[in-house]
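**Q** Pasted the sequence and its predicted model underneath.
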Amino acid sequence: MAIEGGCYCGALRYEAGGDPLFKGQCHCRECQYASGGHPNVVQGMPEASFAYTQGSPKQFRRSDLDNPVTREFCPECGTQILSRAPTVPGAVLIKVGTFDDPSLFGGPQMAIYTCDKQPFHHVPDGVATFERTPG
């Protein structure tokens, strides 16, 4: 699968290839902050097949957490492009909204951190749910 995408203002662009490692939505409280209130919808892709083709991202990692994710975003418009999670080595978790064609996502296979899910969040029927990360 070949994916191209970028940020809202066009300053940051990327390409990703290979087979998706997983497709999911994360309901953790941190993702709610980053998304503006809803779960983050991500597609895990092999890190080795991902490259920025234009621009350089800014990174943020919380210093008060034991095992924080690194969030990469456009330094101009603030669009979050991806996360790198220490619990998923070798993968980049690309935000589906940044795909040039978000329909390539197709839908989530799992919903994680449902322990933080809000009453207004929707999990599609038939999607596996996990209170934290799958075991």
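**A** Yep, that arrived. Residues are numbered from 1 along each chain as shown.
**Q** Strands along the protein, start to end?
**A** 3-6, 13-16, 22-26, 40-46, 50-54, 58-61, 70-73, 80-84, 91-95, 110-112, 128-129 (DSSP state E).
**Q** Quick one, which of the ones you listed gets closest to D101.
**A** strand 3-6 (8.1 Å; C-beta to C-beta). All C-beta atoms are positioned from the backbone trio N, CA, C, and that covers glycine.
**Q** for that closest one, packing partners?
**A** On a contact count with 3 or more C-beta pairs under 8 Å, 6 or more residues apart in numbering; DSSP states H and E, strand 3-6 meets strand 13-16.
**Q** how about a markdown table for the strands of the chain, with distance to G135 added?
**A** Shown next, in a markdown table, are those (distance: least, C-beta to C-beta, whole Å):
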| stretch | distance to G135 |
| --- | --- |
| strand 3-6 | 28 |
| strand 13-16 | 27 |
| strand 22-26 | 14 |
| strand 40-46 | 17 |
| strand 50-54 | 26 |
| strand 58-61 | 25 |
| strand 70-73 | 23 |
| strand 80-84 | 20 |
| strand 91-95 | 17 |
| strand 110-112 | 11 |
| strand 128-129 | 12 |
